[in-house]
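In: For reference, the sequence and a predicted model appear below.
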Protein chains: 2
Amino acid sequence: MSTQALKKTASSSINGLDTAALFGTVDAIKANPSLGRFEFRAQNRWINGGENRSRIKEFFGAGNEDTSRTAAFEFVNGEPPVLLGNNEGANPVEFLLHALAGCVTTTTVLHAAARGITIRRLNTELVGDLDVQGLLALDAGVAPGYRQIHIRMHIEADCSDAELDDLLAFAKDHSPVCNTVCRPVPVTLERVK
Amino acid sequence: MSTQALKKTASSSINGLDTAALFGTVDAIKANPSLGRFEFRAQNRWINGGENRSRIKEFFGAGNEDTSRTAAFEFVNGEPPVLLGNNEGANPVEFLLHALAGCVTTTTVLHAAARGITIRRLNTELVGDLDVQGLLALDAGVAPGYRQIHIRMHIEADCSDAELDDLLAFAKDHSPVCNTVCRPVPVTLERVK
């Protein structure tokens, strides 16, 4: 986020984001980079078959344990009948698309605000391809995960097409979920007794 | 999924999964590998600031458009105040943890059923580290996404510790969401008018 971007921003709220708070955060992290460190958490409990439930509430960030949430969020993973479930919830690979859609959207909106660009509308459609031969270990040459994910974005904003294309490329490169999907991120699994 | 695994399974339901249906699916895909191809989808709409909502319903799989869901699932992404939101929902990187927890759990339960292992209890706790200097483009050397994600799993099952460790390593390697996070998956972003 550049100083030039700072100077371009006159209003104190763009795209529903408090830009004074945004640039305050940026300045605080520039002064003390350790404030940028966040730790997010989830607890999950298996129910039966393809059904399990997550509880999400606490996290650490900006130097503190967050206390802003009075109640936990709870989400249910399920599977459709063709994957041996009863549609108890969306399935995990669908929740990943929700996470990716939301992150690319929020990152776009955030960097638009930093650039002084007002967004009027932003919708996305995501499609991800995978082959369950990977999950089922039927073909070692087939990856279990998504082969690719395509995002179609409908966006209306008060800037030129060239500025919009630059914003979208920047947002895609700086979205935490998109970056987690695009680059190899180590996952460790520890069995505890 | 090996023939050996098939032979080990006597009961028609293990861990809440219909093993006859499971092995029927495996046989159908072995006979016609194109049935393994799935396409999952999400539509997302920006509301304001860090709030956006996804709709998830239709998907293609096992050679057909799925029609099992009478209503769409809807999920709300939000951000906590420290990230300029009002806790409208969990945030996208937290939803990614929910997806990962659920997928590793379901993959464990599925391959346990295929091996004839009954699981009595399975809980996970996930922690993911990231540094928002990446998201905010304050340091090009800091990746925007998770640096790493650690899963602690509490599991009780009717098998030996060695069989359990083998099952967990196998499940981690074959979980679609875990594989999507662990390996680089291409994401394309197309602006449509």
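Out: Sure thing, it's come through.
In: sec struct for the closest residue to A:Thr188 other than its chain neighbours, please.
Out: Closest residue in space to A:Thr188, ignoring its immediate chain neighbours: B:His150 at 5.0 Å, by C-beta to C-beta, 6 or more residues apart in numbering or on different chains. Any C-beta I mention is one placed from the backbone N, CA and C, and that applies to glycine too. With DSSP: H, G, I helix; E, B strand; the rest coil as the basis, B:His150 sits in strand.
In: okay, now B:His150: neighbour count?
Out: 14 (other C-beta atoms under 10 Å in any protein chain shown).
In: isn't it right up against B:Val104?
Out: No. Using C-beta atoms under 8 Å, B:His150 is not in contact with B:Val104, being 11.9 Å away.
In: all strands of chain A, in order?
Out: Taking DSSP state E to define them, one finds strands in chain A at A:13-14, A:17-18, A:37-48, A:51-56, A:59-61, A:64-65, A:73-77, A:119-131, A:148-157, A:187-192.
In: Report the buried residues of the last one.
Out: So the one you mean is strand A:187-192. Neighbour counts using 16 or more other C-beta atoms under 10 Å in any protein chain shown place A:Val187, A:Leu189 of strand A:187-192 among the buried residues.
In: Please enumerate residues in contact with that strand?
Out: Contact partners of strand A:187-192, identified using C-beta atoms under 8 Å, 6 or more residues apart in numbering or on different chains, comprise B:100, B:104, B:148-155, B:164-165, B:168-169, B:172, B:178, B:181-182.
In: middle-most residue in chain A, spatially?
Out: A:Cys103 (3.1 Å; C-alpha atoms, centre = their mean).
In: Distance check, that residue against chain B.
Out: Plainly put, A:Cys103 is 4 Å away from chain B if you go by C-beta to the nearest C-beta, to the nearest Å.
In: angle of the top helix by length along chain A against strand B:51-56?
Out: Ordering each helix of chain A by length in residues (DSSP state H) puts helix A:92-115 first. Here helix A:92-115 points in a direction 150 degrees away from that of strand B:51-56 (axes from the mean of the first three to the mean of the last three C-alpha atoms, to 10 degrees).
In: Keeping just the C-alphas, turn helix A:92-115 into CSV.
Out: The C-alpha coordinates for helix A:92-115 follow below in CSV (Å, rounded to 0.1, in the frame of the first residue of the first chain):
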residue,chain,number,x,y,z
PRO,A,92,-15.6,-29.2,2.3
VAL,A,93,-14.4,-28.5,-1.3
GLU,A,94,-17.5,-26.2,-1.7
PHE,A,95,-16.6,-24.4,1.5
LEU,A,96,-13.2,-23.8,0.0
LEU,A,97,-14.8,-22.1,-2.9
HIS,A,98,-16.8,-19.9,-0.5
ALA,A,99,-13.6,-19.0,1.3
LEU,A,100,-11.8,-18.2,-2.0
ALA,A,101,-14.7,-16.1,-3.4
GLY,A,102,-14.9,-14.1,-0.2
CYS,A,103,-11.2,-13.5,0.1
VAL,A,104,-10.7,-12.4,-3.5
THR,A,105,-13.7,-10.1,-3.1
THR,A,106,-12.6,-8.5,0.2
THR,A,107,-9.0,-8.1,-1.1
THR,A,108,-10.4,-6.3,-4.2
VAL,A,109,-12.6,-4.1,-2.1
LEU,A,110,-9.8,-3.3,0.3
HIS,A,111,-7.2,-2.3,-2.3
ALA,A,112,-9.8,-0.4,-4.3
ALA,A,113,-10.5,1.7,-1.1
ALA,A,114,-6.7,2.2,-0.7
ARG,A,115,-6.6,3.5,-4.3
